[in-house]
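Novice: quick one: sequence plus predicted model below, questions after.
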Amino acid sequence: MMSDFKKAIFKSRPNRFIAICEIDGDNVKAHVPNTGRCKELLIEGVTVYLLPSSNPKRKTKYSLIFVENKGELVSLYSQDANRVVFEGIKSGKVKELKGYNIIEREKTIDNSRIDIYLGKEDNGEIMEDCYCEVKGVTLIKDGLAQFPDAPTERGSKHLKELIKLKEEGHRTVVFFLIQHPAADYFRPNWENDPDFAGNLNEAYEKGVEILVYKSHNGLDKVELEGKSLDFTLKK
């Protein structure tokens, strides 16, 4: 809830997991639940919102969940993207993924674990299924959302897994959740990770679908907006 958050000032990020923030004149350490660079967001002096931890054994007392940027509240909780998309699909906000009566998180197939699994079951038989990988996006340049903001071999691996599943006859989707409200368009980040961008192009050409949505961010709730955004795969 809103009352749980501590408003703070961002000071520095000594490594990708830790941020030094100031609360009422005192410096505190906070866990950063986003391994991306976030250099355009985490600038010294910006306002951030820290969520206290209830675990007394944790090394950091807080987690850095939100940062203010261009008058907007941006979610840095990248792990939450799966939940937001999952709940959005369940509530019918994703028009492209309606009609499935099975929806599960973290479905294991072969040696891979896919973020979201959808199935159409009839009399105990799966008539159609869909495997969906979710990517949280925070990098915005002039309204253009880009992913990733740092090279990601793991991201390319996920795309290749979706291609394999598609070739085996399954429906596959890579779902980009833009966690910055200022975005209105998406493209892969050719400058930071040309391998991922190239793999995304290959995946799309081979039938892997691309969906782009935004989250609505509030200190009390983060949820999916029910409108898809346009994208381009060009440089």
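Specialist: Great, that's in hand.
Novice: how about low-confidence regions in the protein?
Specialist: Within the chain, the ranges that satisfy pLDDT under 70 run 1-3.
Novice: spatially central, which residue of it would that be?
Specialist: For the chain, G136 is the residue whose C-alpha lies nearest the centre (CA atoms, centre = their mean; 1.5 Å).
Novice: shouldn't that one be within a helix?
Specialist: No. G136: not assigned to a helix; according to DSSP: H, G, I helix; E, B strand; the rest coil it is strand.
Novice: what is the longest helix seen in the chain packed up against?
Specialist: Looking across the chain with DSSP state H, the single longest helix is helix 153-167. Applying 3 or more CB pairs under 8 Å, 6 or more residues apart in numbering; DSSP states H and E, we find helix 153-167 packed against strand 112-122, strand 125-137, strand 171-178, helix 194-205. Using the backbone N, CA and C atoms, a C-beta is placed for each residue, glycine as well.
Novice: quick check: buried residues in the first one?
Specialist: Of all the residues in strand 112-122, those buried under the rule 16 or more other CB atoms under 10 Å are 112, 114-119.
Novice: quick one, domains of the protein?
Specialist: Taking automatic domain parsing as the reference, the chain has its domains at 2-69, 80-224.
Novice: quick one: the residue of the chain positioned farthest from its centre from I103, how far?
Specialist: Ranking residues of the chain by C-alpha distance from their mean position (CA atoms, centre = their mean) puts N123 at the top, at 34.8 Å. Shown here: N123 relative to I103, a distance of 19 Å by CB to CB, to the nearest Å.
Novice: taking strand 112-122 as reference, get the angle to the helix or strand harbouring T108.
Specialist: T108 is located in strand 102-109, with elements delineated by DSSP states H and E. For strand 102-109 against strand 112-122, the angle by axes from the mean of the first three to the mean of the last three CA atoms, to 10 degrees is 140 degrees.
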